[in-house]
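Asker: Can you look at this prediction? I've put the sequence above it.
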Amino acid sequence: MRSDTSGHASGGTLRLMAATVFEPAQIDPFRLPHDVKPIRYDVRLRPSLTNASFSGTVRIELAVSAPANVFVLNADELSITSCDVDGRPATWELEPATERLFVTPTDTVEADTSVLTIEFDGVLNDKLRGFYRSTYIDDDGVEQVIATTQMQATDCRRAFPCWDEPEFKAVFAVTLDVDDDLTAISNAPEVERSRADGRCVIRFADTMVMSSYLVAFVVGRLETTDTIDVDGVPLRLVHVPGKGHLTEFGLDVGAFCLRWFQEYYGIAYPGAKVDLVALPDFAAGAMENLGCITFRESLLLVDPATSTQNERQLVVDVVAHELAHMWFGDLVTMRWWNGIWLNEAFATFMEVAACNAYRPDWQRWTAFGVERSAAFETDSLTSTRSVEFEVRSPDDCEGMFDVLTYQKGGALLRMLEQYLGAERFREGVSHYLEVHSHANTETNDLWDAIEFTSGEPVRRIMDSWIWQPGYPLVTADLVDGALELRQERFRFGDDGAHEHGVNSSVEAQLWAIPVHVRIGDTTSTLLLDGESASVVIDTEDTTAVIVNAGGHGFYRVAYSDALRERLDAATIASLSTLERYNLVDDAWAATVAGRMSAGELLGLLGGFGGEREHSVWQAIAIALRGLGRLLDAGPAQDAFRAEVRMLASPTLDALGEPTGDEPDLTSKLRGLLVGLVGTLGDDIGVQARCREWFDAASTDPTAVDPELISAATSVVAATGDDGTYDLMRERFLTGPTPQEQLRHLYALAQFDDESLIIATCEFAMSPAVRTQNAPFLLSAAIANRHHGAAAWAFVRDHWDRALDRFPSNTIVRMVNSVTLLSTPELVADTTEFFAAHPVDQAAQTLEQVLERQRVNARFRGREAARWNGGANR
Ligand SMILES: [Zn+2]
């Protein structure tokens, strides 16, 4: 798509942070020395599902490059019962603070090879990390236990002692010693079965050399689908009994993606088989264990007949994401966790690309605009971080798994791909994987590979995006017969609450921005890498100028008045969907930042009455819901509701009733508008219809279009009474699919009744709600439009219980909706609380949440008085 580079830089210089130099391993207490390295692990584990415990033996072949008096590896929450080195007993010591194990052989081990054997016991924990316990209730009402693993990032050391850093790649040979009636799977195919002590001993084939965080084993009463042969790769889906009818869609997606990625990368699938495993309890979304990919049930098991497009797209995204990792991540792996962002950013990019190939009609790259906006939102804060940064401790590492890693990282790769052209980008990726197969890399290795195949200054461009925080606003103006583009950092404003380090100093930040400009039918590309650049255009011509043409740049655009006047209704209608999305999204961000008033924003939204694309309406809905938050009950709120109805109802009416053969995005848009008009617009007619759809679906789940059922569930909850609440809770408990269960679960957070919201919070703390979902339910309750403060008070008062119960990575997600509590009293309350209750594993994310809350408080302070006083009407 990129054709030429016609821009010129003027003024300013590109200011980059030097690549971080990491401390040598010898003096960093979290890092392991490199003079002893694992080559091969033979791991044998004997889990007891009834006692929630396991015992194990690991035999590790080592390459020793210098005489060693002590072996330093990782182990945590394990009880070591014996250690020997080359057949002779050794002593050992565990250091819990750094999760390390020190093994001292009787004699110095001279340089060469050595064999370390360790016996140990452990507990199958309930914290969804390491080797852990998941449960389900079977058809006879009996609780069944699954022993399963989640090693990333640093929890393999909780399953068996190991060199638990991604750079220490080795072969893993797993043997599981299990009760006869259980299914057992691991990364590689089963190769041998024998019996010992009345149990079944299952040996799996050797893996390729890989990092410890990719090891997996799953044991339990499970069912597997028939194996599909995908051009020689066996593919199955594994699930708890009774859910086989929800597997067809996931298998189809899996087969499609396996083929698509082999073609894209130009490299055969690196494992021997693929099992997609749906687990009842899972802390993250899914995990790319080589050949044994684990998922939350709702992200793999789905009924196409009763699910929404969004629910199915999630399954496609996540299956594609994990399969993309089999090459990018598993075959080629970051050297250290500072590189996790590239691993995840790339998988995010590929999940969208693969989904776009699987279902072109879903316009996945356009829908990605919303995910990019989520990254913009955090990246507009002073407390944002650079995409790549130094990682030392496990807490630092856990903090990497955020919106900047996934969504910003993925959006930056999309921008680069659009600048180079898809094929040149693909060639570079393929070259990178080819050159570094089975090895570890730094971020630069990818840029160098793409630079090698494309001849473009990829490293210089990307360094400006990944080593500095934030992102640019590009302003466009007409100056002296030319189009002038200027860049500056976009911010929501600064309340002075942050210490200003080097990243946010007064010195202007600059990015190397690939800018696509379209005038009429001509698109040109320039690299804006100084403060400004000018493009000579025909100033007599009054054709509209579109900056960020195509819409994929990771920057916002502000047009001068003269250029904005050229964007008349006809021009806007002729833009691509993503370009129109960006117009709305940029305007909403400008409003939050105080560059535009809410009144001006509403004026702009008024021009979108004829809009028919779901993505654009999604941006409009986000803006309207944000504005709705500023209003107190009363005439101003009534007037605003009328305005929402006036804007959205004509499109809803024009869509009419669902037809069996309409595009998925049409049905999806209808659902979105029903939700918008039914709740924010408070439209009594739509609310009544929602109740009809909801009731009809209770007798026949296929009687009503799933998009309408899903929207109706929210509307019915938001307007429902105690009886409706009980019905929703019952449907959560008995729903036939994971998606229907979750719809009703999260609907419990939408009722307009404080006692019901408190009941929801209490329900979240009960065993009826899995700990993988409970933190998100509490977050939804805090986001309740009317009773969020009460939900926040509940979470605050149950903080210790929540910390004790919920997976560590979900704690900050539980409270991220306090951003919406924007009164001065609530800002003071949350600030004071978190000063006394830090969340160490997500310190920076929490800081961002609190800053975003203050941004909303300032926004409210600016706008609310005017609104509630009627000045905006
Ligand atoms: Zn990933």
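Answerer: In hand now; what should we look at?
Asker: Point out the residues in the stretch 301-450 of the chain that sit beside the ion.
Answerer: Residues of the stretch 301-450 of the chain lying near the ion by CB under 5 Å from the ion: 344, 347. From N, CA and C alone the C-beta is placed, and that goes for glycine too.
Asker: To clarify, my last question referred to the chain.
Answerer: For the chain, the residues in contact with the ion (CB under 5 Å from the ion) are 344, 347.
Asker: Please go through the chain and pick out the longest helix.
Answerer: Among the segments of the chain that qualify as a helix by DSSP state H, the longest is helix 843-868.
Asker: So what's the gap between it and the chain middle?
Answerer: Helix 843-868 sits 24 Å away from the centroid of its parent chain (CA atoms, centre = their mean, to the nearest Å).
Asker: quick one: secondary structure of F389?
Answerer: coil (DSSP: H, G, I helix; E, B strand; the rest coil).
Asker: thinking it is in contact with W337, fair?
Answerer: No - F389 lies out of contact with W337 (CB atoms under 8 Å); the separation is 10.4 Å.
Asker: packing partners for the helix or strand encompassing V715?
Answerer: Taking DSSP states H and E as the definition, V715 sits inside helix 706-718. Under the contact criterion of 3 or more CB pairs under 8 Å, 6 or more residues apart in numbering; DSSP states H and E, helix 706-718 touches helix 664-675, helix 684-699, helix 722-734, helix 738-747.
Asker: and those as TSV, adding mean pLDDT?
Answerer: TSV is the format used below for those (pLDDT from 0 to 100):
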stretch	mean pLDDT
helix 664-675	98
helix 684-699	95
helix 722-734	96
helix 738-747	96
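Asker: Of F389 and W337, give the one with the bigger neighbour count.
Answerer: Set side by side, F389 and W337 show more neighbours around W337, with 23 against 19, by other CB atoms under 10 Å.
Asker: Look up how far P166 lies from the more buried one.
Answerer: In this structure, W337 lies at 7 Å from P166, with CB to CB, to the nearest Å as the measure.
Asker: List the contacts of the residue of the stretch 451-600 of the chain found nearest the ion.
Answerer: Nearest to the ion in the stretch 451-600 of the chain, going by CB to the ion, is I466, at a distance of 17.4 Å. With contact set as CB atoms under 8 Å, 6 or more residues apart in numbering, I466 has these partners: 341, 386-388, 412, 443.
Asker: from those residues, which is closest to D35?
Answerer: Each of these was checked against D35 using CB to CB; the closest is T443, at 26.2 Å.
Asker: Identify the residue spatially nearest to the closest one, adjacent ones excluded.
Answerer: Leaving aside its sequence neighbours, T443 sits nearest to L342 (CB to CB, 6 or more residues apart in numbering; 5.1 Å).
Asker: Go ahead and list the helix or strand containing that neighbour.
Answerer: Since the elements are taken from DSSP H and E, L342 ends up inside helix 340-358.
Asker: Can you spell out which helices and strands pack onto that helix?
Answerer: Checking 3+ CB pairs under 8 Å, 6+ apart, helix 340-358 ends up next to helix 248-265, helix 309-325, strand 333-334, helix 364-379, helix 409-420, helix 443-454.
Asker: so which of these gets nearest L101?
Answerer: Comparing these by CB to CB, strand 333-334 comes nearest, at 22.9 Å.
Asker: which residues are contacting that closest one?
Answerer: Outside strand 333-334, the residues that touch it by CB under 8 Å, 6+ apart are 166-167, 169, 210-211, 340, 342-343, 439-443.
Asker: Mean confidence (pLDDT) on it, please.
Answerer: On average, the pLDDT along strand 333-334 is 96.
Asker: How far off centre is that strand?
Answerer: Per CA atoms, centre = their mean, the centroid offset for strand 333-334 relative to its chain is 19 Å.
Asker: mind listing what the residue of the chain found nearest the ion touches?
Answerer: In the chain, no residue comes nearer to the ion than A347, which is 4.2 Å away by CB to the ion. Counting by CB under 8 Å, 6+ apart, A347 touches 288, 321-322, 324-325, 328-329.
Asker: and with 7 Å instead?
Answerer: Applying CB atoms under 7 Å, 6 or more residues apart in numbering to A347 gives the contacts 321, 324-325, 328-329.
Asker: In CSV: the residues you listed, plus neighbour count.
Answerer: Shown next, in CSV, are those (neighbours: other CB atoms under 10 Å):
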residue, neighbour count
H321, 27
A324, 25
H325, 26
F328, 24
G329, 25
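Asker: Of those, which is the nearest to A353?
Answerer: Using CB to CB, A324 is the member of the contacts of A347 that lies nearest A353, at 8.5 Å.
Asker: hang on, the closest one packs against V352?
Answerer: No - taking CB atoms under 7 Å as the definition, A324 is not a contact partner of V352, at 10.1 Å.
Asker: For the helices and strands packed on helix 340-358, please prepare TSV with the additional fields distance to I461.
Answerer: Listed next are the helices and strands packed on helix 340-358 as TSV, based on distance: least, CB to CB, whole Å:
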stretch	distance to I461
helix 248-265	22
helix 309-325	23
strand 333-334	20
helix 364-379	17
helix 409-420	7
helix 443-454	8
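Asker: So which of these is nearest Y132?
Answerer: Y132 lies closest to helix 309-325 among the helices and strands packed on helix 340-358, at 19.0 Å (CB to CB).
Asker: Show the backbone phi and psi for R785.
Answerer: phi -60, psi -30 (degrees, to the nearest 10).
Asker: And for R385?
Answerer: Taking degrees, to the nearest 10 as the convention, R385 sits at phi -130, psi 170.
Asker: Might you report the residue contacts of it?
Answerer: R385 is in contact with 404, 469, 844, counting by CB under 7 Å, 6+ apart.
Asker: If you tally nearby residues, what's the number for the first one?
Answerer: Yep, that's L404 we're talking about. 26.
Asker: how close does it sit to E388?
Answerer: Taking CB to CB, one finds L404 at 10 Å from E388.
Asker: Mind picking out the helix or strand in the protein with the poorest mean pLDDT?
Answerer: Ranking every helix and strand in the chain by mean pLDDT, DSSP states H and E puts helix 394-398 at the bottom, with a mean of 76.
Asker: so what's N125 bridging to?
Answerer: Assessed by DSSP bridges, N125 has beta-bridge partners Y132.
Asker: Quick one: low-confidence residue ranges for the chain.
Answerer: Per-residue confidence of the chain (counting by pLDDT under 70) places the weak regions at 1-27, 496-507, 539, 868-873.
Asker: what sits against the most centrally placed residue in it?
Answerer: Nearest to the mean C-alpha position of the chain, by CA atoms, centre = their mean, lies Y406 at 5.6 Å. Under the criterion of CB under 7 Å, 6+ apart, the contact partners of Y406 comprise 344-345, 348.
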